[in-house]
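**Student:** test case, fold it:
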Amino acid sequence: MGGRMERASPGGAEFSATERIRHERRKPRRAPTHCELQEIMKAFRTFDPDNRGFLEYREFKVAMRALGFDGKKSAVLEILEDYDKDQEDTVSEQEFIEIISKQIADLDGGARMERAFELFDDDHSGKISVKNLKRVARDMGEMLHEDEIRAMIDEFDQNGDGEIDQREFFAIMRYDAS
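**Tutor:** Okay, here's the model as predicted:
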């Protein structure tokens, strides 16, 4: 993982994955907007409902995916290796803000929302169904009843088809960020 050589630096030396992340952390990048920062903090609180002040590996992985970022095990472990100062496979709120801020700076909003939609729409139907939301809730460790999930969908289902299409999902995301 951290010792694997991936690409050459401009001077010809090799960077490991961890060195590349550290190098990229030093690059100047735009700071998150107030709305983006609020979204990041809200996501952290959502996945830390007990207010422990940290996310464990699984919670962090699901949070990354829910925000539309790469939640693959290898990517999450690579991030944990670089940011997890206490080596307990946890991410503090400040570390989470730093990680997600970097991810946001590297991606535009529309692409991020499309990726988030695709994570919910795992059957590629173009819509988020009760089945899709039930899977996401289960992945987050939440056991919601079907009537609770149906109520969530009904609240935002503008065209009355019983599912959330991409346009409705984007409206939810824009509404939630404001």
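**Student:** for the residue sitting nearest the centre point of the chain, helix, strand, or coil?
**Tutor:** In the chain, the residue lying closest to the centroid (C-alpha atoms, centre = their mean) is Met64, at 2.3 Å. Under the three-state scheme (DSSP: H, G, I helix; E, B strand; the rest coil), Met64 adopts helix.
**Student:** next: Arg52.
**Tutor:** Strictly by three-state DSSP, Arg52 counts as coil.
**Student:** how about Glu98?
**Tutor:** helix.
**Student:** ok, for it, nearest residue in space, not its chain neighbours?
**Tutor:** Distances taken as C-beta to C-beta, 6 or more residues apart in numbering place Tyr83 nearest to Glu98, at 7.1 Å, with adjacent residues excluded. In this view, the C-beta of every residue, glycine as well, is placed from N, C-alpha and C.
**Student:** would you check that that neighbour makes contact with Ile97?
**Tutor:** No - in this structure, Tyr83 is not within contact of Ile97 by C-beta atoms under 8 Å, at 10.8 Å.
**Student:** show me where pLDDT drops low in this protein?
**Tutor:** Applying pLDDT under 70 to the chain flags the ranges 1-30, 107-109, 175-178.
**Student:** same thing but 50
**Tutor:** 1-13, 15, 17, 25-28, 177-178 (pLDDT under 50).
**Student:** quick one, helices of it?
**Tutor:** Assigned by DSSP state H, the helices in the chain fall at 17-26, 34-47, 57-66, 73-83, 93-105, 109-120, 130-139, 146-156, 166-177.
**Student:** list the contacts for Met113?
**Tutor:** 68, 169-170, 173 (C-beta atoms under 8 Å, 6 or more residues apart in numbering).
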